[in-house]
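>>> From the sequence below, what's the structure:
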Amino acid sequence: MKIPEQRIQKQRYCPMKKDKVPFSQNIGVQSPDFEEARCFINSRIDDREVSPLSASGSAENLLTWQPLGGTTLFGAKWSEKVHIQSDAQSTFHAVMVLSGNIHCNTLNQDVAANSLLLIAPGKLADLVWEKSTRAVVISLSRQALIDHLGIPGLEFLRDTTTIVPDKHQDAQMLRNGIECLAQQHEICGGNIGLPVQKQWESLLVAQLSDQLRRPGMENPTILPGRIRLATEWILTHIREPISVCDLLRVTGASKRSLESGFRTHLNTTPAKFILCHKLKGVRKTLQSNPDISIGDAAFSYGFGHLSHFAKQYQNAFGELPSETVRQCRDAIFVLPKKARSGAK
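Numbering: from 1, shown residues only. Next up, the predicted model:
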């Protein structure tokens, strides 16, 4: 696997040992205090309760982290057997077990070493980690999923919790990807630049894409005639005011059959489909031209009330429009010396 390139200073580097927690250059917690660990986790992802189930010694919990754009990876090794619970999650979480065992109470199944657990948005995390189990927890960015998978919303993705066994190709590829990322983390002293972070984020989402998609919806472009006509008409006229009545006129379908077709084949409604693609249009405009005003970008897609638009945008992408603009302005690629000289 090719590691994304980044200019770095030469420094000593040792491959990750089998018993080491990845991303050790960025240590969040290294102590036996479970409350400290809980606070660290909850400051970065959906709230979780952390309850030790044993008390065999004074070994330290170790939690590390590596941001990848809007996605965050956490390395974890608990000093005791521990029970971790969360409320309904706002985005996908993946848990790659490196060694040891995690029991998923929701499925009443064990997640063995080198296996992958995927927890869908809206589902609970209810996990028992055996003592000294090492794992990487990935909190996937909603906006990265939407951008890289080319979907209008998370409703196109899996809505269940599932285990991918260790011998499955997707689990093996993700494990290899994490190891490569951990190596680059060590080489860079934990300081991976934002442009390279984005490349890694895209790579991880691509590796997980088959597992993330909702079963039976692998190719949502294969649609019945009238539903396909409606979606194509929407995309062609996405900058114009569009109503469900327009779709009824264009397709000749009844409102009931149109609504039913969208729900059956796209798992959404016509109105939500229109909104999703208008929001995606604004997002692409902001990303391609960070100097445009947010108001102008929103108005060009028919959003008249900026405060309401900003709330809808944040619900769709997990960030405000101003944050999208700021990230685009910050993500400036610096060409290596050879590339600069070759361009002259």
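
>>> what's near enough to touch the residue nearest the centre of the chain?
Centroid-nearest residue in the chain, with CA atoms, centre = their mean: Leu140, separated by 2.1 Å. Shown in contact with Leu140 (CB atoms under 8 Å, 6 or more residues apart in numbering): Thr71, Thr91, Phe92, His93, Ala94, Leu204, Val205, Leu208. For every residue, glycine as well, the C-beta is placed using N, CA and C.

>>> what about dumping the CA coordinates of stretch 42-51 to CSV?
C-alpha atoms of stretch 42-51 as CSV (Å, rounded to 0.1, in the frame of the first residue of the first chain):
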residue,chain,number,x,y,z
ASN,A,42,-16.3,12.3,25.5
SER,A,43,-14.4,15.5,24.6
ARG,A,44,-13.9,14.1,21.1
ILE,A,45,-16.7,11.7,20.2
ASP,A,46,-20.3,10.8,21.3
ASP,A,47,-20.6,10.5,25.0
ARG,A,48,-19.7,7.2,26.6
GLU,A,49,-19.9,5.6,30.0
VAL,A,50,-16.7,3.8,31.0
SER,A,51,-17.0,1.3,33.9
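
>>> any idea how far that stretch is from the chain center?
Mean C-alpha position of stretch 42-51 versus that of the full chain (CA atoms, centre = their mean, to the nearest Å) differs by 17 Å.

>>> Just the buried residues of that stretch, please?
If you call a residue buried by 16 or more other CB atoms under 10 Å, then stretch 42-51 has these buried ones: Ile45, Asp46, Arg48, Val50.

>>> Same check on stretch 277-294?
Using 16+ other CB under 10 Å as the test for burial, stretch 277-294 gives His277, Lys278, Leu279, Lys280, Gly281, Val282, Arg283, Thr285, Leu286, Ile294.

>>> isn't the fifth one right up against His237?
The one in question is Gly281. No: in this structure, Gly281 is not within contact of His237 by CB atoms under 8 Å, at 11.3 Å.

>>> State the number of residues packed around Trp200.
By other CB atoms under 10 Å, the residues close to Trp200 number 23.

>>> Which residue, neighbours along the chain excluded, lies closest to it?
Leaving aside its chain neighbours, Trp200 sits nearest to Leu68 (4.9 Å; criterion: CB to CB, 6 or more residues apart in numbering).

>>> Spit out the contact partners of that neighbour.
With CB under 8 Å, 6+ apart, Leu68 has these contacts: Leu181, Ile192, Gln197, Lys198, Trp200, Glu201, Leu204.

>>> cutoff 10 Å now
By CB atoms under 10 Å, 6 or more residues apart in numbering, the contact list for Leu68 reads 138-141, 144, 181, 192, 194, 196-205.

>>> picking up where we left off before, closest to Gln327 among the buried residues of stretch 42-51?
Ile45 (19.0 Å; CB to CB).

>>> Okay, strands next: where are they in this structure?
Ranges of strands within the chain are 27-31, 48-52, 61-68, 71-77, 82-86, 93-99, 101-104, 109-112, 116-119, 126-129, 134-139, 162-164, based on DSSP state E.

>>> okay if I get the ones you listed as JSON lines plus mean pLDDT?
Below are the strands of the chain laid out as JSON lines (pLDDT from 0 to 100):
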{"stretch": "strand 27-31", "mean pLDDT": "94"}
{"stretch": "strand 48-52", "mean pLDDT": "91"}
{"stretch": "strand 61-68", "mean pLDDT": "95"}
{"stretch": "strand 71-77", "mean pLDDT": "95"}
{"stretch": "strand 82-86", "mean pLDDT": "94"}
{"stretch": "strand 93-99", "mean pLDDT": "95"}
{"stretch": "strand 101-104", "mean pLDDT": "96"}
{"stretch": "strand 109-112", "mean pLDDT": "96"}
{"stretch": "strand 116-119", "mean pLDDT": "95"}
{"stretch": "strand 126-129", "mean pLDDT": "96"}
{"stretch": "strand 134-139", "mean pLDDT": "96"}
{"stretch": "strand 162-164", "mean pLDDT": "94"}
